[in-house]
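Engineer: Predicted model, plus sequence, below.
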Amino acid sequence: MTKMIRMVLMLLVMVTTCTQAAYESETPVDFELQQLHGDIVSLNEYRQKWVVLNYWATWCAPCRKEIPDLSALHEAREDVVVLGLAFEDTEIENFDEFLEEFNPSYPILLVDVYSPPEPFGAPKVLPTTIILNYDGIPVKTYLGPVTGEHIESFIDAY
């Protein structure tokens, strides 16, 4: 029985370790992505602001639910910018149709799912939200849905 318990505990530790996102670091990050119907955007453009990177897809129900909250956060605070990272291999027309209905107030950046930006790579789950501090250092990650209130509470306590 003890051997069985140890094996279960080891398995639990392995699963937990494999599912944790290692998005936070001590060094600033930068990458460039194409904005939907716009120019190339670099994370460096947003230094001296909190940056909320939100990986999402049109088919993701929790992602859809986050959009109004993230839009409100983006509009309410001058020290915060939300960037929607569209992680989906689809036609631009599909994004346009989706965004017409959900109407986010923040920029949407297109992620190549076959070559996602480093250092993050492909998200482990959708939605995934990564918060960068004023220096561009990733300091907090939310795997799964998050509210604007949770993000603001983290930023205000940082």
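Structural biologist: Thanks, I have the structure now.

Engineer: List the buried residues in stretch 126-140.
Structural biologist: 126-133, 136, 138-140 (16 or more other Cβ atoms under 10 Å). To be clear about C-beta, it is placed using only N, CA and C from the backbone, and glycine gets the same treatment.

Engineer: what's the nearest residue to residue 35 if we skip its chain neighbours?
Structural biologist: residue 41 (5.0 Å; Cβ to Cβ, 6 or more residues apart in numbering).

Engineer: Kindly report the same for residue 123.
Structural biologist: With Cβ to Cβ, 6+ apart as the criterion, residue 123 has its nearest non-adjacent residue at 4.2 Å, and that residue is residue 55.

Engineer: Looks to me like that neighbour is in a helix.
Structural biologist: No: Residue 55 is assigned strand when assessed by DSSP: H, G, I helix; E, B strand; the rest coil, not a helix.

Engineer: residue ranges with poor pLDDT in this structure?
Structural biologist: For the chain, applying pLDDT under 70 flags the ranges 1-22.
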